[in-house]
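Peer 1: Using only what follows, build the 3D model:
(one chain, ligands or ions: 1)
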Amino acid sequence: MNFDSFVLAAATADLHDEPDAREHADCVEFRMDLADDPLTALDAYDGELPILATNRAEWDGGEADDDATRLDVLETAVEYDAVEAVDIELKTMRDGGTTGTGQPGVDGERVAAHAREHGANVVVSWHDFEATPGMGELQETLREACEYGDVGKVAVTAQARADVLDLLVATRAATAEGDTVATMAMGEPGRHSRAVAPLYGSRIGYAPVDPAEATAPGQYDLTTLRKLIDTLAGESQA
Ligand SMILES: O=C1C[C@@](O)(C(=O)O)C[C@@H](O)[C@@H]1O
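Peer 2: Below you'll find the model as predicted:
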């Protein structure tokens, strides 16, 4: 998957959403942790959009509770041609992830290497479901995520609209340094970041096809986000 320009991901647990996503999305983020039988679904997939595979751990806001199994499944997923990118948590890259007992589990590097062998890009992600860290931590986290991944992604929680300002500055700074990043602020006060961050360099946006199936707080539905981003991009040529 090419992240040289902005990629809008239709986030879903159900690959049958793909035909409805096609008009507005550039790829499907398959939330494998929210799906019943994700590998069977990948096996049956015959959609047009490429897939960004995510198997989010419970300890990072997802529903996959066994880290070893989770990463094994993710490793298998990258073998499918349609899977052109994979999401791995920064914590998994740092220490292999953790099992439910807090012990280091299997190695994130192994999944990343397998992904690259199969031509898939690696998105290394970091989430804060409570708040937006200060500028220093934002910049350091983006930098570290970009060391491991082709894209470094930071999703924070905005408690006030102004929290987004730091995120945008960090996004712009990382992009100016040549890093490829994706940023967004979760929660209602951060909602506008999803439309605005791409103007400052964020290369991935996430939106559900059906607003009732949002995969994070504050997401716009796909049609709305596409329209907002295209409208703002059209107005920001100066
Ligand atoms: O990490 C992210 C970003 C996200 O949490 C968001 O805020 O849009 C949505 C998730 O599906 C995705 O894996």
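
Peer 1: Get me the contact residues on this structure for the ligand.
Peer 2: Proximity of the chain to the ligand (CB under 6 Å from any ligand atom) is limited to residues 11, 29, 31, 54, 87, 125, 155, 184, 186, 206, 215-216, 219. (Glycine included, C-beta is placed from N, CA and C.)

Peer 1: How about residues contacting the helix or strand of the chain with the lowest mean pLDDT?
Peer 2: Using mean pLDDT, DSSP states H and E, helix 90-95 stands out as the lowest-scoring helix or strand of the chain, at a mean of 89. Applying CB atoms under 8 Å, 6 or more residues apart in numbering, the set of residues contacting helix 90-95 from outside is 57, 59-60, 67, 71, 97-98, 104, 108-109, 111-112, 124-126, 141, 144-145, 148-149, 152.

Peer 1: Excluding residues flanking it in the chain, which one is nearest Ala13?
Peer 2: Leu34 (3.5 Å; CB to CB, 6 or more residues apart in numbering).

Peer 1: if we can go back for a sec, residues of the least confident helix or strand of the chain that come out buried?
Peer 2: By neighbour count with 16 or more other CB atoms under 10 Å, helix 90-95 contains the buried residues 90-93.

Peer 1: And stretch 114-132, by the same measure?
Peer 2: Quick answer for stretch 114-132 (16+ other CB under 10 Å): 114-115, 118, 120-128, 132.

Peer 1: which of these lies closest to the ligand?
Peer 2: Among the buried residues of stretch 114-132, Ser125 lies closest to the ligand (CB to the nearest ligand atom), at 5.1 Å.

Peer 1: and that closest one, that's in a strand?
Peer 2: Yes - the assignment for Ser125 by DSSP: H, G, I helix; E, B strand; the rest coil puts it in a strand.

Peer 1: can I assume it is in contact with Glu89?
Peer 2: Yes - contact status for Ser125 versus Glu89: in contact at 5.7 Å, counting by CB atoms under 8 Å.

Peer 1: on that earlier part again, tell me who's in contact with the residue nearest to Ala13.
Peer 2: Contacts of Leu34 (CB under 8 Å, 6+ apart): 13, 62-63, 215.

Peer 1: Right, I'll call it a day here.
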